[in-house]
Every structure is written in C-alpha cells, then in structure tokens.
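> Test case, fold it:
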Amino acid sequence: MSATELRNISFHGIGVPNGAEREPGEHRYWVTEKTFLDVLDECAKHPQVRLSFDDGNASDVDIALPALVERGLKADFFPIADRIGDGDSVDEQGLRALVAAGMTVGTHGAGHRAWTSALATHHEAELRAARTRISEAAGRPVDTAACPFGAYNRGVLKALRSAGYRTVFTSDARPAFEGSWLQPRYSVEVDDTAASVRERMLTPRSVTERVVDRGVLMVKAWR
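This is a model prediction of the structure:
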C-alpha cells in the first residue's frame, strides 16, 4: 500500500516585522495577518495539509494560535532556542500555551545557523542544548526538528538520526509522505495569496513530477 501524500506548509512571521531583519532575507517570509488567515482557510479545505511555524516569533502565539484553535487545526512549532523570551519571540508561557492547545513543539536549533556548516563547531549547542532548552521551556519532550534555512546534507541527517529525532522537516518545496522521517515543506512568502498557495503548493503532481521529486530528495540526502 502506497503512503499518503502530504503537503507540509510552513509559516514564519505574521503581521508587521518589528525592526530590522535579524538575518538577510528574513522579511521575505513575513505575511500580513489577512494573508495568513486567507491561506489558513484555504489549507483547512485540504486534509492532506500539515502546518508548521518556524523561528518562534511572538506572532505564533498572538495571531496563529487563536486562528488555529478557532478552525480546529493543529500545527508544529519550531522555535529558536536562543531567542525564547527575547521580546520579539515566544516565551516559556507561550510555548506552554501551544502545548496545552494540542500543538507540537520541536527545535529549530540554538542560533538559527545553517546546520550544514554550524555542526562542525556548534554541534552540542545546536542539536542537544537547544533541544533541552526548548523541552524545558515547553514542558514536553522534543523529538522533531526543522533544519534552519532548510539546509541539510548527509552529515546533518546522520547527526539528527544519531541524536534520536523522530521527524526532520526541510524546505524542499515538494510533497511529502506520511510516516517518512524526512519531511519536505513549502514556505509561504510575502507575496503569496490563498490562490498562489493553492496553485504552487496544493495542485496535484503529475507522474513525471513525482519521479523528479523523489530523485531530487534522494540526491540532496546523499550529498
């Protein structure tokens, strides 16, 4: 029996960013509250959609959480450990509110560094200390991870497996399959609308496109 195809769709910031970008290109992934709600309503029509939120911005709790609860939706949240409670990000109370509402909290690392390079010098901080920090803040074990900037290679995946992560999310903009350890995602960007998300992320893939999807993911995982 073939696995169920999923469409993982990720958000970052919602609303108006507070100040300058914390890293180049950050604001590309912020959407207005109206766009977010429109996209959320579109996603709610598709049972194969799985939602997630990266970076742990304060809007995860202030805007996303009540909207998800109102629609009866669940999501995975991936905060950055070193930013917890910094004023622009979720704090411990917010993470516990997510868990209490039935959301999953995972890790997006310690300092939002690409793991393809950071693990050479920050392995313990990124994969273990960050996990402990987030777990203690959320009051729940952490066994899922989202690769910062979507960056990974064979070495990163080997390290994540060795650390015991149950599921790993990337940003490969391709369909995923239920039960797979590696879960590619689509990222909602500043110029997206409900219509563009439907066309770019939710349109059925042809047989040829599915073969290409699998090939690309295999190549990336074995670099």
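
> which residues touch the helix or strand Val99 falls within?
For Val99, the host element (DSSP states H and E) is helix 92-100. Helix 92-100 has contacts (CB atoms under 8 Å, 6 or more residues apart in numbering) with 58, 60-61, 65, 77, 79, 84-85, 90, 105, 134, 137-140. Every C-beta, even on glycine, is put in place using the N, C-alpha and C of the backbone.

> Now the element after it, going C-ward?
strand 104-105.

> Paired strands for that next one, with orientation please.
With DSSP bridges as the test, strand 104-105 is paired with strand 75-79 (parallel).

> quick one, helices of this protein?
Assigned by DSSP state H, the helices in the chain fall at 33-43, 59, 65-71, 92-100, 115-124, 130-138, 154-162, 194-201, 207-221.

> looking at the ones you listed, which is buried most?
Mean neighbour count, computed with mean count of other CB atoms under 10 Å, is highest for helix 59 among those, reaching a mean of 26.

> so what does that one touch, helix or strand wise?
Packed against helix 59, as judged by 3 or more CB pairs under 8 Å, 6 or more residues apart in numbering; DSSP states H and E, are no other helices or strands.

> Now tell me what touches it from outside.
Under CB under 8 Å, 6+ apart, the answer for helix 59 is 13-15.

> try it again with 10 Å
11-18, 30-31, 33, 36, 53, 65, 88-90 (CB atoms under 10 Å, 6 or more residues apart in numbering).

> Now restrict those residues to buried residues only.
The neighbour count (16 or more other CB atoms under 10 Å) marks 11-15, 17, 30-31, 36, 53, 65, 88-90 as buried among the contacts of helix 59.

> circling back to that earlier point, redo the helices of the chain as JSON lines? Include mean pLDDT.
As requested, the helices of the chain are arranged in JSON lines below (pLDDT from 0 to 100):
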{"stretch": "helix 33-43", "mean pLDDT": "98"}
{"stretch": "helix 59", "mean pLDDT": "98"}
{"stretch": "helix 65-71", "mean pLDDT": "98"}
{"stretch": "helix 92-100", "mean pLDDT": "98"}
{"stretch": "helix 115-124", "mean pLDDT": "97"}
{"stretch": "helix 130-138", "mean pLDDT": "98"}
{"stretch": "helix 154-162", "mean pLDDT": "97"}
{"stretch": "helix 194-201", "mean pLDDT": "97"}
{"stretch": "helix 207-221", "mean pLDDT": "58"}
